[in-house]
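Participant: Okay, here's the prediction I keep looking at, along with the sequence it came from:
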Amino acid sequence: MERALETLVGKLAAAYGDGLISVILYGSAAAGRHDRYSDLNIFCVLRSITAAELSKSEPIFRWWRDLGNPTPLLMTEEEARRSTDSFPIEFRDMQERRVLLHGRDIIAELTVNPACHRSQLEHDLRVKLLRLRQRAAAVLSERDALLRLCIDSVSTFCVLGRHAVLAAGRPCGWGRREVVESLERAFGADLPAFKTLLDVREGKIAPQEAEPATLFEKYLGEVYRLIAFVDALDQSQ
């Protein structure tokens with residue numbers, strides 16, 4: 001991971017020179033929780049972004065994607081300052097856990113509005129719920145596909161669950177298990193489906209030991225509970 005990041009920064013610096021303001025690693029890798037399911041998420045701040053800058057990035061980003069990583073996010077400094085109300089979850093995460101790989105740490109200079117944070121949180125939860133139901137409806141009779149859908153989505157709901165705890169004014173760690181435990185304390189109820197999916201994801205339970213149809217039903221109910229919790233925050237604020 002370290003070698004790939006060093007190579008990426010070298011390529012970006014060579015391509016953009018003084019036009020490269022910041023290169024920042026964020027997400028699970030920056031939090032020290034990188035695993036085989038995780039991405040290396042990069043936030044790249046440029047002095048300007050025109051077709052010329054995008055042309056320079058093409059071979060670099062193609063190489064980066066070929067390594068199995070998502071395309072880096074590109075913003076100008078002014079865009080970053082004006083986008084905290086549009087991407088409060090992402091910027092709040094960056095403020096808490098990031099690694100500055102190159103240049104100036106502009107994330108430290110940004111402010112996130114709590115009301116925007118809660119609004120994006122509810123929006124993202126409802127969008128992810130819609131996608132989960134749409135995809136599940138197409139694979140409910142396919143055991144392996146349904147289980148994979150649940151496993152692939154639980155990490156995202158843990159991320160949003162962490163922000164639900166934070167939006168409620170409670171402390172919350174970064175680990176998925178820590179998030180589930182914090183949610184259980186906030187709800188006053190257990191989340192067994194979340195825990196089982198994490199067990200399968202982490203190899204503590206073999207996929208053959210899970211019963212996807214029953215597990216999905218419980219999982220869906222727990223996601224509903226999470227959304228209701230966040231929805232109630234709006235009424236109490």
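Facilitator: That came through, no problem.
Participant: List the beta-bridge partners for residue 26.
Facilitator: Here residue 26 sits in beta bridges with residue 41, residue 98, going by DSSP bridges.
Participant: mind listing what it touches?
Facilitator: Residue 26 makes contact with 41-43, 90, 93-94, 97-99, according to CB atoms under 8 Å, 6 or more residues apart in numbering. C-beta here means a position set from N, CA and C on the backbone, and glycine is covered the same way.
Participant: Can you select the buried ones among the residues you listed for me in ChimeraX?
Facilitator: In ChimeraX, a selection of the buried entries from the contacts of residue 26 looks like this (16 or more other CB atoms under 10 Å):
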select :41,42,43,90,93,94,97,98
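Participant: Widest-spaced pair of the contacts of residue 26?
Facilitator: Farthest apart among those by CB to CB are 90 and 99. That separation is 15.4 Å.
Participant: Which single one of the contacts of residue 26 is nearest to residue 76?
Facilitator: Nearest member of the contacts of residue 26 to residue 76, counting by CB to CB, is residue 43, at 12.1 Å.
Participant: Quick check: the closest one touching residue 75?
Facilitator: Yes - contact status for residue 43 versus residue 75: in contact at 7.4 Å, counting by CB atoms under 8 Å.
Participant: What is the nearest of the contacts of residue 26 to residue 9?
Facilitator: residue 42 (9.2 Å).
Participant: coming back round to it: closest one of the contacts of residue 26 to residue 146?
Facilitator: residue 41 (27.7 Å).
Participant: Helices along this structure, start to end?
Facilitator: 2-16, 51-66, 77-82, 88-96, 114-139, 143-167, 176-187, 192-201, 212-236 (DSSP state H).
Participant: Name the residues of the first one that are buried.
Facilitator: By neighbour count with 16+ other CB under 10 Å, helix 2-16 contains the buried residues 5, 8-9, 11-12, 15-16.
Participant: pLDDT added to those, as JSON lines?
Facilitator: Output for the buried residues of helix 2-16, formatted as JSON lines (pLDDT from 0 to 100):
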{"residue": "5", "pLDDT": "95"}
{"residue": "8", "pLDDT": "97"}
{"residue": "9", "pLDDT": "97"}
{"residue": "11", "pLDDT": "97"}
{"residue": "12", "pLDDT": "97"}
{"residue": "15", "pLDDT": "96"}
{"residue": "16", "pLDDT": "96"}
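Participant: Save the residues you listed as a markdown table, and put in distance to residue 175 too.
Facilitator: Shown next, in a markdown table, are the buried residues of helix 2-16 (distance: CB to CB, whole Å):
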| residue | distance to residue 175 |
| --- | --- |
| 5 | 22 |
| 8 | 26 |
| 9 | 28 |
| 11 | 32 |
| 12 | 31 |
| 15 | 36 |
| 16 | 35 |
